[in-house]
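Engineer: Structure for the following, please:
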Amino acid sequence: MTKKVVVSKTFLFIFILSFIVMFKTVFGEENTLIGVTVITATLMFLERDLTSTLLSNFFKILSINLILGSLAFFASQNIWIGLICNFLALFMVGYFFNYELRKPMYVPFGLQYLFMVSTPINLEQLPMRFMSLVFGAAFVILVQLILNKNKLQKLGEKNVSLICDELKYKIKLLQENKNTNNCDKK
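Structural biologist: Numbers count the residues shown, from 1 in each chain. Okay, the predicted model is just below:
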């Protein structure tokens, strides 16, 4: 490992620990593990560009967080209700996030649900839990906005340039009455 890699990994580690400590301070000890899943989701979603449909992605993450939070609360109230809530929550996470097998996006949401079920709260603590879940969705999108802001534009400009070059080549082949199957495939 190079010195640059060690420094960047150390900085990331310090940032993660600082984030979790601040999250615990703001939202309480019962929501500390939600902070862990927020930072996990943030890092996992960095590989994707969610900025193309920013509001839509925010509301999707927010909805899933709030639904999982509600299901976890009801699951901790009664074992029979919990059986149904657990099935619904894990089915929902599997259904919505199991489309990507290379990078399993279900991990932060599955962990979040399991952490919320394993750390039950009472009715008075429920608003703070919901606030932590709202903050988590907002944090994921905010980091996306900061770090992936121009990613789509740069990628789009590169692809448009490649398409234009390929179209010029295809026009040249058509003028010379040559086969264009390779161009069509590209």
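Engineer: From here on, just use CA atoms for contacts and neighbour counts.
Structural biologist: Noted.
Engineer: List the residues that contact Gly69.
Structural biologist: By Cα atoms under 8 Å, 6 or more residues apart in numbering, the residues touching Gly69 are 113, 116, 129-130, 133.
Engineer: If I look at the residue nearest the centre of the chain, what pLDDT would I see?
Structural biologist: Centroid-nearest residue in the chain, with Cα atoms, centre = their mean: Phe45, separated by 3.8 Å. On the pLDDT scale, Phe45 is placed at 86.
Engineer: Tell me who's in contact with it.
Structural biologist: 105, 140, 144.
Engineer: and those residues, which of them are in strands?
Structural biologist: Among those, DSSP state E puts none in strands.
Engineer: would you turn the residues you listed into a markdown table with pLDDT, neighbour count and distance to Leu54?
Structural biologist: Below are those laid out as a markdown table (pLDDT from 0 to 100; neighbours: other Cα atoms under 10 Å; distance: Cα to Cα, whole Å):
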| residue | pLDDT | neighbour count | distance to Leu54 |
| --- | --- | --- | --- |
| Met105 | 79 | 20 | 18 |
| Val140 | 93 | 24 | 11 |
| Gln144 | 91 | 21 | 9 |
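Engineer: between those, which is closest to Lys4?
Structural biologist: Gln144 (23.5 Å; Cα to Cα).
Engineer: tell me the contacts of the closest one?
Structural biologist: Gln144 makes contacts with 42, 45-46, 49-51, as judged by Cα under 8 Å, 6+ apart.
Engineer: Drop anything exposed from those residues.
Structural biologist: Buried members of the contacts of Gln144, scored by 16 or more other Cα atoms under 10 Å, are 42, 45, 49-51.
Engineer: I'd like the contacts of Gln144 laid out as TSV, including secondary structure.
Structural biologist: TSV is the format used below for those (DSSP: H, G, I helix; E, B strand; the rest coil):
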residue	secondary structure
Thr42	helix
Phe45	helix
Leu46	coil
Asp49	coil
Leu50	coil
Thr51	helix
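Engineer: Turn those into a markdown table, including distance to Val5.
Structural biologist: Output for the contacts of Gln144, formatted as a markdown table (distance: Cα to Cα, whole Å):
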| residue | distance to Val5 |
| --- | --- |
| Thr42 | 20 |
| Phe45 | 21 |
| Leu46 | 18 |
| Asp49 | 23 |
| Leu50 | 26 |
| Thr51 | 27 |
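Engineer: Among the residues you listed, which one sits closest to Met92?
Structural biologist: Phe45 (18.3 Å).
Engineer: low-scoring pLDDT stretches of the chain, where are they?
Structural biologist: 1, 100-103, 150-161, 164, 170, 180-181, 183-186 (pLDDT under 70).
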